[in-house]
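[1] requesting a structural model of the entry that follows:
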Amino acid sequence: MEIRKVQITGGSSYIVSLPKQWIRSTKIQKNDPVGLIVQPDGSLLITPKIGGESLQRVRVFEVGASADRTSLLRLLVGAYVAGFTAIHIEARDRMPQFVRQLVREFTQMTIGQEVVDETDSSIVIKDLLNPVEMPFENTIKRMHLLARGMQQDAMTAIRGRDAALAHDVIARDTEVDRLHWLVARQENLIVIDAALSRRMDVTVSQAAYYFQVSRIVERIADHATQVAHNANALIDREAGGTAMVGAMDEASTLALEIFSESMGALYTGDVRKANATLQMVRDLEMKTRDIDTRALDLEAVAAIPIGQISASIRRIGEYSGDICECVINYTVGQET
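    Here you go, the predicted model:
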């Protein structure tokens with residue numbers, strides 16, 4: 001950090017000189033205007049961007065015929081989440097066919113990414129989404145509804161021995177992942193782009209808060225997916241009878257109630273509601289322990305998936321409790 005002394009000129013104006021290296025890198029000229037933004041912590045941000053335009057960042061990847069498909073996909077997702085506005089993929093010779101196919105899969109897995117230029121040896125992917133049109137809260141509400149519906153349908157699949165419904169739940173997890181990546185991307189964009197932070201009316205701390213909650217909701221969806229996987233394992237087996245299925249259903253209903261209450265506390269910033277919801281997690285733990293105890297009397301082919309379903313239901317409740325803790329920590333931190 002550079003230290004500059006404040007000067008006074010004309011008896012009433014305060015002046016601070018700007019670093020020459022920064023002036024040159026941003027190509028600021030004499031009499032050019034700059035923006036001054038007071039941050040929540042009292043610091044002052046100086047930016048050459050005063051028109052509200054977003055920061056443009058390009059990431060280039062060079063590929064060859066021996067490129068690893070999985071590694072390349074991870075790089076593309078990483079560049080997307082990191083907030084690059086354009087991704088260039090270049091090959092020394094002809095672009096391998098598997099890379100073109102992978103790029104198509106990548107654009108389907110992400111939101112707003114489209115191929116805008118393609119030649120024999122290069123592909124250009126550009127972000128066409130206006131982040132302002134996808135507010136954090138709307139995205140997280142959509143994730144909540146998806147994850148909740150997945151768990152409800154996973155339990156329906158268990159009750160009805162419905163393999164098709166269980167597979168549909170598993171497929172829906174991809175949509176939750178897409179939304180979580182979008183939240184992660186927009187959080188990174190706000191960290192590096194003050195203009196976008198102003199346009200979305202979201203501070204860096206708010207963006208970090210939404211990302212933290214998004215990650216938890218994505219994990220809840222993962223556990224709903226695990227319940228669906230284990231539902232398939234029980235389709236052709238005895239699941240411990242009506243009493244066992246009823247016990248799992250009751251525990252799942254409570255877990256989803258905790259989930260919904262925690263999200264309600266998030267939307268309203270209600271610390272009391274968050275605290276009250278945390279108490280419900282203990283009741284859920286007792287119900288899942290009862291399921292685990294009952295499962296000990298069953299054959300392993302049924303006991304193992306039932307135990308895993310019980311664990312996933314418990315984790316849905318515990319992760320919901322984590323959302324409550326996020327609400328409490330963030331809301332208390334905002335109080336003055």
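
[2] show me how far the lowest-mean-pLDDT helix or strand in the chain is from its chain's centre.
    Least confident element among the helices and strands of the chain, by mean pLDDT, DSSP states H and E: strand 35-38 (a mean of 74). Remark: strand 35-38 is offset 29 Å from the chain centroid, using Cα atoms, centre = their mean, to the nearest Å.

[3] cool, and stretch 294-311?
    Computed by Cα atoms, centre = their mean, the chain-centroid distance of stretch 294-311 equals 32 Å.

[4] pLDDT of it, averaged?
    Average pLDDT, stretch 294-311: 92.

[5] list of residues touching it?
    Stretch 294-311 is contacted from outside by 158, 226-227, 230-231, 233-234, 237-240, 243-244, 247-248, 251, 288, 291-292, using Cβ atoms under 8 Å, 6 or more residues apart in numbering. For glycine as for every other residue, the C-beta is placed from the backbone atoms N, C-alpha and C.

[6] buried subset of the residues you listed?
    Among the contacts of stretch 294-311, those scoring as buried are 158, 226-227, 230-231, 233-234, 239-240, 244, 247-248, 251, 288, 291 (criterion: 16 or more other Cβ atoms under 10 Å).

[7] out of the residues you listed, which comes closest to R92?
    Relative to R92, the closest of the buried ones among the contacts of stretch 294-311 is Q226; by Cβ to Cβ it sits at 43.1 Å.

[8] which ones are touching that closest one?
    Counting by Cβ under 8 Å, 6+ apart, Q226 touches 308-309, 312.

[9] repeat that for 10 Å
    154, 170, 173, 305, 308-309, 311-313, 315-316 (Cβ atoms under 10 Å, 6 or more residues apart in numbering).

[10] excluding its backbone neighbours, what's nearest T156?
    Spatial nearest neighbour of T156, excluding adjacent residues (Cβ to Cβ, 6 or more residues apart in numbering): L165 at 6.2 Å.

[11] host element of the one you found?
    helix 163-192 (DSSP states H and E).

[12] which SSE is immediately downstream of that helix?
    helix 194-200.

[13] and the nearest residue to E257 once chain neighbours are set aside, what does it touch?
    In space, not counting the residues next to it along the chain, E257 is nearest to M280; the distance is 7.2 Å by Cβ to Cβ, 6+ apart. By Cβ under 10 Å, 6+ apart, the contact list for M280 reads 254-255, 257-258, 261-262, 317, 320-321, 324.

[14] how many neighbours does E62 have?
    Neighbours of E62 under the rule other Cβ atoms under 10 Å: 10.

[15] what pairs with the helix or strand containing it, and is each one parallel or antiparallel?
    Element membership for E62, per DSSP H and E: strand 58-63. Neighbouring strands of strand 58-63 in its sheet, by DSSP bridges, are strand 86-91 (parallel).

[16] distance from the next helix or strand along the chain from the partner strand to the middle of the chain?
    Under the assignment DSSP H and E, the closest C-terminal helix or strand after strand 86-91 is helix 97-109. Helix 97-109 has its average C-alpha position 22 Å from the chain's average C-alpha position, going by Cα atoms, centre = their mean.

[17] average pLDDT for whichever helix or strand comes after helix 97-109?
    Downstream of helix 97-109, the next assigned helix or strand under DSSP H and E is strand 113-118. Averaged across strand 113-118, pLDDT comes to 96.

[18] now do the following helix or strand past strand 113-118 against helix 97-109, angle only.
    Per DSSP H and E, the first helix or strand lying C-terminal to strand 113-118 is strand 122-127. For strand 122-127 against helix 97-109, the angle by axes from the mean of the first three to the mean of the last three Cα atoms, to 10 degrees is 10 degrees.
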